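Asks: here is a sequence with its predicted model. Questions after.
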Amino acid sequence: MEDRTLYPLKFEPLFKEKVWGGNAIRETLGLDYGNLPNCGEAWMLSGMEGDESVVANGFLEGNTLVDLVEVYMGDLVGEAVYQEFGLQFPLLVKWIDAAQDLSVQVHPDDGLAMERDGCLGKSEMWFVRQAAPEAGLICGFKPGVNQMKYLKSLKENKLESVLLQEPVRPGDVFHIPAGTVHSIRSGILLAEIQESSDITYRIYDWNRPGLDGKPRKLHVEAALKALKFDERQSSGEEKAGRVMYGRVSNMTNPVLDTPHFCANYLPLVQGVEKDFSALDSFVVYLCLKGGGVLKVDGKSVEIRQGELVLVPAVCEIVDIYPDSRGCELLEVYMPQ
């Protein structure tokens, strides 16, 4: 009889053309997006309506992520996760290739997004995979910038003067809680872990045309209520900015623990066993470099640079074996 139990799942990437996109998703990560010009994003795991990831391996091949949540429920995502989110998969994982600057933008928090659009907000983190010399990004306002100073800078077309610019190198991590003004500048390839939401309020787009040759729509008024300035920060709110973390080989190095997701960094040169028997959540592995094999209950799945594997919550023990090149993984799951 064929074994029909859950197993580590791979998915077909969803590629997105963007006016600021380039070719690093293919040239660096080896993901083939065909003839798509300006590939800016590869959605590696998505339950978003109209953009549901499709299983690429095993007997569930061809089913969408939402199909799986509906059938397997807590066995796939974790009992507590299913009780909270139902059929909505709570995370979106993607690669972003910023060959040009992204717009200056902000995302709403859960409360504002639910009020306006009946959906989750968008807090996220970035793991920089590749960065050109002198590359940087925008993460927050400069100290002391309040709403009045922000509006004055907009009126005078001097927005950049109030934004906090951060230099970046490969391996840098940034936390971008909802409400943080931000932008990825040109020459950066990064992994983005975020809440399952696609709401973006665009504030400034560098006075360039979109893919249709016309300026892209701005959302300056909608963004105003979403933006968080110094006077709106409190000790209980999530801190935006650069994240410091350990990089010890063959260890699970904690990176970020937020109300929306937890992330760890695993640089491996030898096999490790992961015990998730006390974790009530799915686990996502995104391969940053190298490659290897994941083994769960006698089932094996290969993972290589750029690829993603979803380990269902019902799978308690995961053995990871890097290949001869070693393997760098980002490990993501839901907070407990």
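Replies: Done, it's in.

Asks: neighbours of S324, how many?
Replies: Residues lying near S324 (other CB atoms under 10 Å) number 8. Placement of C-beta: from N, CA and C, glycine included.

Asks: which of the residues in the helix or strand harbouring it are buried?
Replies: According to DSSP states H and E, S324 maps onto strand 317-333. The neighbour-count check on strand 317-333 (16 or more other CB atoms under 10 Å) flags V318, I320, P322, G326, C327, E328, L329, L330, E331, V332, Y333 as buried.

Asks: what's the farthest-apart pair in the residues you listed?
Replies: G326 and Y333 (22.7 Å; CB to CB).

Asks: how about the secondary structure of M148?
Replies: The three-state assignment at M148 reads helix, by DSSP: H, G, I helix; E, B strand; the rest coil.

Asks: quick one, what contacts Y204?
Replies: S103, V104, L154, L159, L218 (CB atoms under 8 Å, 6 or more residues apart in numbering).

Asks: the second one contacts R185, doesn't it?
Replies: No - the pair V104 / R185 is not scored as a contact, 10.2 Å apart, by CB atoms under 8 Å.

Asks: what is in contact with the two at once?
Replies: By CB under 8 Å, 6+ apart, the residues touching both V104 and R185 are I138.

Asks: middle-most residue in this structure, spatially?
Replies: I193 (1.9 Å; CA atoms, centre = their mean).

Asks: that one bridge partners, please.
Replies: V93, M125 (DSSP bridges).

Asks: ok, it - contacts?
Replies: I193 sits in contact with L91, V93, E124, M125, F127, F261, A263, L330, V332, where contact means CB under 8 Å, 6+ apart.

Asks: can you do 10 Å?
Replies: Applying CB atoms under 10 Å, 6 or more residues apart in numbering, one finds that I193 lies in contact with 45, 91-94, 123-127, 173, 255-256, 258, 260-263, 284, 286, 330, 332.

Asks: try K122
Replies: 92, 106-110, 113, 176-179, 194-200, 226, 260.

Asks: just the angle between the helix or strand where C287 lies and strand 317-333, please?
Replies: Assigned by DSSP H and E, C287 belongs to strand 283-296. In terms of direction (axes from the mean of the first three to the mean of the last three CA atoms, to 10 degrees), strand 283-296 departs from strand 317-333 by 170 degrees.

Asks: buried stuff in the helix or strand following strand 283-296?
Replies: Per DSSP H and E, strand 283-296 leads on to strand 299-304 as the next helix or strand towards the C-terminus. Buried residues in strand 299-304, counting neighbours by 16+ other CB under 10 Å, are found at V301, I303, R304.

Asks: so where's this structure shaky on pLDDT?
Replies: 1-3, 230-237 (pLDDT under 70).
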